[in-house]
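Participant: kindly return the folded structure for what I paste below:
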Amino acid sequence: MKNNAFLILENGYVLKGNAIGVQGITIGEIVFNTAMTGYQEILTDASYKNQIVLFTYPHIGNTGINAKDVESNSVKVHGIIIRNLSNIHSNYRSIQSLSIYLKKNNIIGISNIDTRKLTILLRDQGSQYGCILSTKHLNLQNIIQNIKNTFNTYTKNPIKHVCTKINYSWNQNTTNSIHDNIKKKSITHIIVYDFGVKYNIIRILESYNCYITIITPDTTVKKIISINPDGIILSNGPGDPRKYKNIINIIKKLITIHIPIFGICLGHQLLGLANNAKIIKMKFGHHGSNHPVQDLNNNKVFITTQNHNFTIDKNNLPKQIIVTHTSLFDNTIQGICIKKKYWGFQGHPEGNPGPHESEKLLYKFIKNIQDKKKIHRGNNAKTY
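Facilitator: Sure, this is the predicted structure:
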């Protein structure tokens, strides 16, 4: 027997459906995602912290859950809204159903919702806070007030709930210290500021022969100098970048020590703010794996994975920021370059889930660092 559930928006709009996952109530910002595949990666993407994901694709759960397609150590979404939950799951890697996975991770969801109608509402009115309620009692006035109160709590600092609490080395195949490893000339040492980093970003860096150190968001510039990395990644993550004043000040100081920086999604926005750009909130953001982006250097177009509600304001751009990529959906800024040393990309270049075409941006960043290291070694080589 299926249990009833209700979806309540902050504007008072109510939809009735079927409860999936665990019973209870969950509150979050409702955003729609247009990806046709990759629900497991989406569920575990820390950028969705404090958000309820509405899947526009009508059938979710048909490939089950596997042990590898995770982007963090747990489910990070606050709930899911779907049209149909698949009764069966079939894939050679599958180890359990989506329904069981939601229950094990204490996630509340709702199915049998007219997701097309709800998506149109969010597209027309903008992303809204709301709640999924799968208990028997429904007091609409109290719930709407609770949604508004929760909004004020969620917007403060969601990064602290998803980031690492200690600095550590990612690489599992070595027992040497950081300083021992970076002495190996073939190793490129990359520091990743963890604002909610996706695992596949780290896996890709490792495949490029990088030694990776994951650090907390408040790691000081003095500490960075002592580690002496070859490059810095500012990761993706949740929340309004304008609220992270301390992180922005750290990035401003990082720019003064001339270490190459690559900002991804939230990191891209923070890099812009550190260079005096302005950030604006989008009406309903970009969430999906079918977003066309144009490279302004060669006019080529590639398809990207996106997940963000904020963007750099193209109408208030400082002179030192060069726009390198734009969205073909709405012409918003997708890529920036500052002094040919600091880069940012709004999409997710690791492409999980979705196409991997934009991975070349991450590769180019690392390749430039590695090439400069080779030149430096050649200039310092002894002659006999």
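Participant: can you give me the strands in the stretch 201-350 of the chain?
Facilitator: Here the stretch 201-350 of the chain has its strands, by DSSP state E, counting those that start in this stretch, at 210-215, 231-234, 261-264, 279-295, 301-312, 321-327, 333-338, 342-345.
Participant: quick one: closest of the ones you listed to A35.
Facilitator: Of all those, it is strand 279-295 that lies closest to A35, at 4.1 Å by CB to CB. Placement of C-beta: from N, CA and C, glycine included.
Participant: related to what we said a few turns ago, mean pLDDT and mean neighbour count added to the strands of the stretch 201-350 of the chain, as a markdown table?
Facilitator: Output for the strands of the stretch 201-350 of the chain, formatted as a markdown table (pLDDT from 0 to 100; neighbours: other CB atoms under 10 Å):
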| stretch | mean pLDDT | mean neighbour count |
| --- | --- | --- |
| strand 210-215 | 96 | 22 |
| strand 231-234 | 98 | 25 |
| strand 261-264 | 98 | 26 |
| strand 279-295 | 97 | 19 |
| strand 301-312 | 97 | 22 |
| strand 321-327 | 98 | 19 |
| strand 333-338 | 98 | 23 |
| strand 342-345 | 98 | 25 |
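Participant: got a markdown table for those strands, with distance to S72 too?
Facilitator: Formatted as a markdown table, those follow (distance: least, CB to CB, whole Å):
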| stretch | distance to S72 |
| --- | --- |
| strand 210-215 | 12 |
| strand 231-234 | 16 |
| strand 261-264 | 15 |
| strand 279-295 | 17 |
| strand 301-312 | 13 |
| strand 321-327 | 26 |
| strand 333-338 | 24 |
| strand 342-345 | 20 |
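Participant: so which of those strands comes closest to S111?
Facilitator: Among the strands of the stretch 201-350 of the chain, the nearest to S111 by CB to CB is strand 279-295 (19.2 Å).
Participant: show me the strands in the stretch 1-150 of the chain, by range?
Facilitator: Using DSSP E, counting those that start in this stretch, strands in the stretch 1-150 of the chain cover 4-9, 14-21, 25-33, 51-55, 59-60, 79-81, 84-85, 108-111, 128-133.
Participant: do you know which of the ones you listed lies nearest L102?
Facilitator: Closest to L102 of the strands of the stretch 1-150 of the chain, according to CB to CB: strand 14-21, at 3.5 Å.
Participant: how about that closest one: buried residues?
Facilitator: By 16 or more other CB atoms under 10 Å, the buried positions in strand 14-21 come out as L15, G17, N18, A19, I20, G21.
Participant: and if you look at stretch 3-14?
Facilitator: Here stretch 3-14 shows A5, F6, L7, I8, L9, E10 as buried, counting by 16+ other CB under 10 Å.
Participant: and the least confident of these?
Facilitator: Lowest pLDDT among the buried residues of stretch 3-14: E10, with 89.
Participant: and that residue, what does it touch?
Facilitator: For E10, the contacting residues are Q128, Y129, G130, I144, I147, K148, F151, by CB atoms under 8 Å, 6 or more residues apart in numbering.
Participant: distance of it relative to I247?
Facilitator: To I247, E10 is 28 Å away according to CB to CB, to the nearest Å.
Participant: is the closest residue in space to I322 that isn't next to it in sequence bridged to anything, and to what?
Facilitator: Leaving aside its sequence neighbours, I322 sits nearest to C337 (CB to CB, 6 or more residues apart in numbering; 4.7 Å). Counting by DSSP bridges, C337 forms beta bridges with I322, W343.
Participant: returning to that earlier point: which one, of the strands of the stretch 1-150 of the chain, ends up nearest to N307?
Facilitator: Of all the strands of the stretch 1-150 of the chain, strand 25-33 sits nearest to N307, with 7.7 Å by CB to CB.
Participant: state the mean pLDDT of that closest one.
Facilitator: Mean predicted confidence for strand 25-33 is 95.
Participant: and that strand, C-alpha only, in PDB?
Facilitator: Taking C-alpha atoms only, strand 25-33 is exported to PDB below (Å, rounded to 0.1, in the frame of the first residue of the first chain):
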ATOM      1  CA  ILE A  25       9.200  16.200   6.500                       C
ATOM      2  CA  THR A  26      12.000  17.900   4.600                       C
ATOM      3  CA  ILE A  27      12.500  21.500   3.500                       C
ATOM      4  CA  GLY A  28      14.700  22.900   0.800                       C
ATOM      5  CA  GLU A  29      15.000  25.100  -2.300                       C
ATOM      6  CA  ILE A  30      13.300  23.300  -5.200                       C
ATOM      7  CA  VAL A  31      15.300  23.200  -8.400                       C
ATOM      8  CA  PHE A  32      14.600  21.200 -11.500                       C
ATOM      9  CA  ASN A  33      17.300  19.100 -13.200                       C
END
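Participant: re earlier: and the strands of the stretch 1-150 of the chain as a markdown table, adding distance to I321?
Facilitator: Shown next, in a markdown table, are the strands of the stretch 1-150 of the chain (distance: least, CB to CB, whole Å):
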| stretch | distance to I321 |
| --- | --- |
| strand 4-9 | 36 |
| strand 14-21 | 42 |
| strand 25-33 | 27 |
| strand 51-55 | 28 |
| strand 59-60 | 39 |
| strand 79-81 | 36 |
| strand 84-85 | 44 |
| strand 108-111 | 40 |
| strand 128-133 | 31 |
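Participant: of all the ones you listed, which lies closest to V162?
Facilitator: strand 51-55 (12.0 Å).
Participant: list the contacts of that closest one.
Facilitator: Outside strand 51-55, the residues that touch it by CB under 8 Å, 6+ apart are 26, 28-33, 35, 39, 42-43, 77-83, 115, 118-119, 122, 130, 132, 238, 287.
Participant: what does stretch 187-194 give?
Facilitator: Stretch 187-194 has contacts (CB under 8 Å, 6+ apart) with 163-164, 170, 178, 181-182, 201-202, 205, 208-217, 219, 224, 227-235, 247, 267, 366, 369-370, 373.
Participant: alright, I will stop here.
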